[in-house]
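Student: Sequence plus predicted model, see below.
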Amino acid sequence: MDAIKKITEGMVKENRPQFAVGDTVRVSVRIKEGERERIQAFEGTVIGKKHGGVAETFTVRRTSYGVGVERVFPVNSPFVEKVEVVRRGKVRRAKLFYLRGRTGKAAKVKELL
């Protein structure tokens, strides 16, 4: 076994969320403010997935008050509580970066039925 795989073996989450690029997801993130902790939801479209194993990340994009907001979440982070799939998307590519240049209805992804 590779030395890096042996070190990172216990760091990967067992109940990994099952979603794909194009899906609309609701990510529950644990936020620490001073001594208090709360959970905040971030809902948007998955526009890309990167890497694999312990370093796997996914990018979620949404429009907030007319401004596009993107966040990159590590899959194995302890701050990511859960990832819920709101709706499945029908896409034909691995990265949806073309959505950055679109607004309104043109920025929508068809639903997979």
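Tutor: Yep, that arrived. Residues are numbered from 1 along each chain as shown.

Student: what residue is smack in the middle of this protein?
Tutor: Geometric centre of the chain, nearest residue: residue 58, 4.2 Å, by CA atoms, centre = their mean.

Student: if I read this right, that one contacts residue 42, doesn't it?
Tutor: No - Residue 58 is beyond contact range of residue 42, at 11.6 Å (criterion: CB atoms under 8 Å). C-beta here means a position set from N, CA and C on the backbone, and glycine is covered the same way.

Student: re the thing from before, check contacts around the residue nearest to the centre of the chain.
Tutor: 19, 46, 48-50, 72-73, 75 (CB atoms under 8 Å, 6 or more residues apart in numbering).

Student: Now, of those, which are buried?
Tutor: Neighbour counting by 16 or more other CB atoms under 10 Å classes 19, 46, 48-49, 73, 75 among the contacts of residue 58 as buried.

Student: for this structure, longest strand please?
Tutor: When the chain is parsed with DSSP state E, its longest strand is strand 36-50.

Student: Partner strands of that strand and their direction?
Tutor: Strand pairing for strand 36-50, using DSSP bridges, gives strand 24-33 (antiparallel), strand 57-64 (antiparallel).

Student: closest to residue 109 out of the ones you listed?
Tutor: Taking CB to CB, strand 24-33 is the member of the strands paired with strand 36-50 nearest to residue 109, at 7.6 Å.

Student: which other residues reach the closest one?
Tutor: In contact with strand 24-33 (CB under 8 Å, 6+ apart) are residues 17, 19, 37-46, 60, 71, 73, 78-87, 89, 109.
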